[in-house]
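Undergrad: this one's structure only:
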């Protein structure tokens, strides 16, 4: 039997403010995998950064200017993008929106 949480219910985890107009909440995780929701007000920025984790992001709401390794595209609601390990990436919220990110392995710095 597993010792990991198997279900996450809406609003059971608190939002953390990262910067003005930018919030995050960890939804569920195991050591190998983590799901995180990010909220952005219009114009909010996810500053350029990199990490060793592989990241896949789903645009649950809004649209974002996404830059990965110097390449920029606008990704709207229902779209997705992948950030390979170690690449510099950032987002700008073109309107109020939410991203649902999955990381492998989990982000220890988020818990």
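TA: Okay, I see it. Since we're looking at a predicted model, the values are computed, not measured. Residues are numbered from 1 along each chain as shown.

Undergrad: pLDDT weak spots in the protein?
TA: Low-confidence segments of the chain (pLDDT under 70): 1-2.

Undergrad: same thing but at 50, please
TA: Applying pLDDT under 50 to the chain flags residues 1.

Undergrad: Quick one: residues in contact with stretch 80-87.
TA: Under the criterion CB atoms under 8 Å, 6 or more residues apart in numbering, residues 50-59, 66, 68-69, 73, 75, 89 lie in contact with stretch 80-87. Just so you know, the C-beta spots here come from the backbone N, C-alpha and C atoms, and that holds for glycine as well.

Undergrad: of all those, which comes closest to residue 18?
TA: Proximity of the contacts of stretch 80-87 to residue 18 (CB to CB) peaks at residue 51, which lies at 14.5 Å.

Undergrad: how much space between that closest one and residue 10?
TA: 27 Å (CB to CB, to the nearest Å).

Undergrad: can you pull the contacts of the closest residue to residue 20 other than its chain neighbours?
TA: In this structure, residue 20 finds its nearest non-sequential neighbour in residue 44, 7.1 Å apart by CB to CB, 6 or more residues apart in numbering. Residues near residue 44 by CB under 8 Å, 6+ apart: 19, 20, 21, 22, 92, 93.

Undergrad: Look up how far residue 38 lies from residue 74.
TA: Residue 74 is 17 Å from residue 38, by CB to CB.

Undergrad: go on, residue 109?
TA: According to CB to CB, residue 109 stands 14 Å off from residue 38.

Undergrad: What is the subsequent helix or strand relative to the helix or strand encompassing residue 81?
TA: Assigning secondary structure by DSSP states H and E places residue 81 in strand 80-83. For strand 80-83, the following helix or strand on the C-terminal side (DSSP H and E) is strand 89-93.
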